[in-house]
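[1] Give me a model of this one.
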Amino acid sequence: MDRFKFLPLALLLFSLVFERTVYAQDLSAEQRCSVVLIFCDDLGYGDLGCYGSTVNRTPNIDRLAAEGQRYTDFYSSSPVCTPSRASLMTGCYPRRVGLHEDATGHWVLIPRSRRGLSPEETTLPEMMKAAGYATACIGKWHLGDQVQHLPVAHGFDKYFGIPYSNDMQQAGRGDPPLPLVEQVTVIEAPADQSQLTQQYTREAVEFIEDHQQEPFFLYLPHTFPHLPLHASERFLGKSRNGRYGDSVEEIDWSTGEILDCLARLGLKDKTMVIFTSDNGSNGRNGGSNAPLAGSKGSTMEGGMRVPMVVRLPGIIPAGTVCSELATTMDLLPTLAGFAKGKLPTHEIDGRDISSLLRGESEARSPHEVLYYYRRRQLQAIRWGNWKWHLPLASTFPRWNDATFKSKGRAGKLIDLETDLKEQVDVSSSHPQVMEKMRAFAKAATKDLGNEAEVGSGQRKSLTLDHSVPMILPR
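    Reported below is the predicted structural model:
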């Protein structure tokens with residue numbers, strides 16, 4: 001019997017080691033949460049119920065905000081599609097990665113463009129994949145439609161969606177019918193736009209189900225509410241805000257389906273869900289950036305300040321609001337921390353905002369300054385609550401007309417805390433602020449460039465020798 005006298009102690013030690021091992025595994029799983037990033041196209045600051053909309057019903061997104069954190073001062077890096085998506089993927093200002101404008105003078109990449117995201121950049125999905133995550137991009141890409149530029153060339157295991165904006169099928173320009181692509185192959189052309197949100201949702205749920213036993217990164221860049229607006233029969237004509245409301249409410253339904261899937265699979269507490277937009281609404285057809293001034297294509301707040309809600313139960317305190325400045329560029333370095341991934345070796349502009357996400361009492365924005373670029377031009381700078389609209393000899397007021405230039409504009413200093421409409425110039429009464437702003441502008445020009453001047457920190461996009469249209473295989 002003596003040989004059993006240490007059995008209770010051994011069992012105790014075993015139980016402690018087992019408990020600690022299980023705890024370590026649970027802690028590791030918690031820190032390496034899966035991520036669902038929902039990215040709308042042209043959704044305005046005032047288009048969601050949790051941001052004040054009274055015409056669009058968004059109960060699922062509102063629930064996401066109630067169970068997580070809502071941001072009041074969250075920014076895209078650009079007021080249009082391609083540059084803002086380049087920043088999301090690389091953690092950099094679009095000028096740094098050479099995707100601030102198309103070589104043909106377009107604001108965004110068009111079908112058959114020879115330019116696209118450079119393979120030299122370390123993308124968000126590449127970082128997540130290297131950390132052991134399954135990755136998928138389901139939706140609109142818009143960082144190049146050639147094989148070398150598509151999502152599967154930049155860290156995504158799976159791609160399903162349209163390669164650029166849904167209005168890009170101009171026969172006179174040589175655009176092919178709008179392609180729906182799986183991996184690198186066109187599977188439908190023209191894509192049935194009324195079914196896109198439904199198809200994206202089915203693919204997203206299937207991806208989560210297939211990878212529920214491992215960490216995953218799901219990037220869901222919706223096609224809508226970019227014009228032209230579409231919705232499936234289930235939602236068409238059902239909102240109080242016309243076709244715009246129909247498309248927004250279908251996106252809300254899609255979000256609900258994903259949240260329900262995570263709950264059904266027991267992944268709710270292990271998955272960070274982020275919901276935001278690539279830029280502001282164009283203000284037409286029912287879109288709203290209220291209470292901000294300006295719209296898509298402008299460096300007014302309505303062009304670049306976007307809704308952002310994020311949930312991770314147990315880590316992000318529920319029902320909280322963060323008013324610190326943060327940007328889409330911050331997602332790469334922030335998710336690197338949660339995924340235990342490695343940051344790029346080259347310079348990035350995003351910063352880790354995990355302290356803001358966790359609601360730490362002393363947490364502050366890691367950004368001293370935010371630069372508002374419009375096409376090649378540095379147009380505004382934010383420092384704290386101050387925003388300086390630079391005096392410009394010429395601007396591009398019609399964002400969709402690359403050839404039109406105005407006669408310029410006078411500069412003005414705005415206090416965003418009291419003047420969200422950006423109307424009152426207070427520069428004359430704050431000379432020290434103006435001195436600081438001019439120093440910021442000089443630093444930005446040196447690093448990122450401005451107009452035709454190239455900055456020392458700029459890198460190049462990938463330009464191919466030739467391009468081909470994406471069409472159905474014969």
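
[2] list the contacts for Val147?
    Val147 makes contacts with Ala153, Val184, as judged by CB atoms under 8 Å, 6 or more residues apart in numbering. For the C-beta atoms, the positions are set from N, CA and C on the backbone; glycine is no exception.

[3] separation between it and Met128?
    The gap separating Val147 from Met128 is 22 Å, by CB to CB, to the nearest Å.

[4] now do Gln148
    From Gln148 across to Met128, the span is 21 Å (CB to CB).

[5] Settle it for me: which of those two has more neighbours?
    More crowded of Gln148 and Met128, by other CB atoms under 10 Å: Met128, with 26 against 16.

[6] Flag the shaky bits of this protein, pLDDT-wise.
    1-31, 102-105, 395-407 (pLDDT under 70).

[7] tell me the contacts of Pro431?
    Applying CB under 8 Å, 6+ apart, no residues qualify as near Pro431.

[8] what does Asp47 give?
    So Asp47 contacts Ser53, Asn56, Thr58, Pro225, Val248, Ser281, Gly287, Ser288, Pro307 (CB under 8 Å, 6+ apart).

[9] Dump those to a markdown table, plus secondary structure and neighbour count.
    A markdown table is the format used below for those (DSSP: H, G, I helix; E, B strand; the rest coil; neighbours: other CB atoms under 10 Å):
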| residue | secondary structure | neighbour count |
| --- | --- | --- |
| Ser53 | coil | 21 |
| Asn56 | coil | 28 |
| Thr58 | coil | 25 |
| Pro225 | coil | 29 |
| Val248 | helix | 32 |
| Ser281 | coil | 29 |
| Gly287 | coil | 26 |
| Ser288 | coil | 25 |
| Pro307 | coil | 26 |
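
[10] Redo the residues you listed as CSV? Include distance to Gly408.
    Compiled in CSV, the contacts of Asp47 are given as follows (distance: CB to CB, whole Å):
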residue, distance to Gly408
Ser53, 36
Asn56, 37
Thr58, 40
Pro225, 33
Val248, 37
Ser281, 27
Gly287, 28
Ser288, 29
Pro307, 32
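
[11] Kindly indicate which of those residues lies nearest Lys158.
    Pro225 (24.7 Å; CB to CB).

[12] Break the chain down into its structural domains.
    33-357, 370-454 (automatic domain parsing).

[13] Leu462: which of the ones you listed is closest?
    domain 33-357 (4.4 Å).

[14] For the closest one, measure first residue to last.
    14 Å (CA to CA, to the nearest Å).

[15] shouldn't Arg114 be in contact with Val468?
    No - between Arg114 and Val468 there is no contact under CB atoms under 8 Å: 10.2 Å.

[16] Stretch 120-134: how far from the chain's middle?
    Mean-position distance between stretch 120-134 and its chain equals 16 Å (CA atoms, centre = their mean, to the nearest Å).

[17] What of stretch 346-365?
    From the chain centre to the centre of stretch 346-365 is a distance of 16 Å (CA atoms, centre = their mean).

[18] How about residues contacting it?
    Stretch 346-365 has contacts (CB under 8 Å, 6+ apart) with 69, 77, 87, 90-93, 96, 120-122, 310, 312, 315-317, 320, 322, 324-327, 329-334, 336-338, 366-367, 457, 459.

[19] before we move on, back to that, give me the common contacts of Arg114 and Val468.
    Common contact partners of Arg114 and Val468 (CB under 8 Å, 6+ apart): Gln146.

[20] out of the two, which sits in the busier spot?
    Per other CB under 10 Å, whichever of Arg114 and Val468 has more neighbours is Arg114, with 19 against 11.

[21] Who are the contact partners of that one?
    Each residue near Arg114 by CB under 8 Å, 6+ apart is listed here: Ala103, Gln146, Thr463, Leu464, Asp465, His466, Ser467.

[22] One more pass at 6 Å, please.
    By CB atoms under 6 Å, 6 or more residues apart in numbering, the contact set of Arg114 is Thr463, Leu464, Ser467.

[23] And the residues you listed, which of them are buried?
    Ser467 (16 or more other CB atoms under 10 Å).

[24] picking up where we left off before, tell me which of the domains of the chain is the most buried.
    The highest mean neighbour count among the domains of the chain, using mean count of other CB atoms under 10 Å, belongs to domain 33-357: a mean of 21.

[25] Quick one: distance of it to the chain centre.
    The answer for domain 33-357 is 5 Å, by CA atoms, centre = their mean.

[26] hang on, Pro111 packs against Asp167?
    No - using CB atoms under 6 Å as the test, Pro111 is too far from Asp167 to be in contact (11.0 Å).

[27] Put the alpha carbons of the helix or strand that contains Val35 into PDB.
    Here Val35, judged by DSSP states H and E, is contained in strand 34-40. Presented in PDB, the C-alpha positions along strand 34-40 are these (Å, rounded to 0.1, in the frame of the first residue of the first chain):
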ATOM      1  CA  SER A  34     -10.600  34.900 -35.100                       C
ATOM      2  CA  VAL A  35     -11.500  38.100 -37.000                       C
ATOM      3  CA  VAL A  36     -14.400  39.100 -39.200                       C
ATOM      4  CA  LEU A  37     -13.900  42.500 -40.900                       C
ATOM      5  CA  ILE A  38     -17.000  43.800 -42.600                       C
ATOM      6  CA  PHE A  39     -16.200  46.700 -44.900                       C
ATOM      7  CA  CYS A  40     -19.000  48.600 -46.700                       C
END
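
[28] Would you map the helices across this structure?
    Taking DSSP state H to define them, one finds helices in the chain at 7-31, 59-66, 81-90, 124-130, 196-210, 242-264, 301-304, 331-339, 354-357, 431-448.

[29] Ile138 is nearest to which of those?
    Comparing the helices of the chain by CB to CB, helix 196-210 comes nearest, at 4.8 Å.
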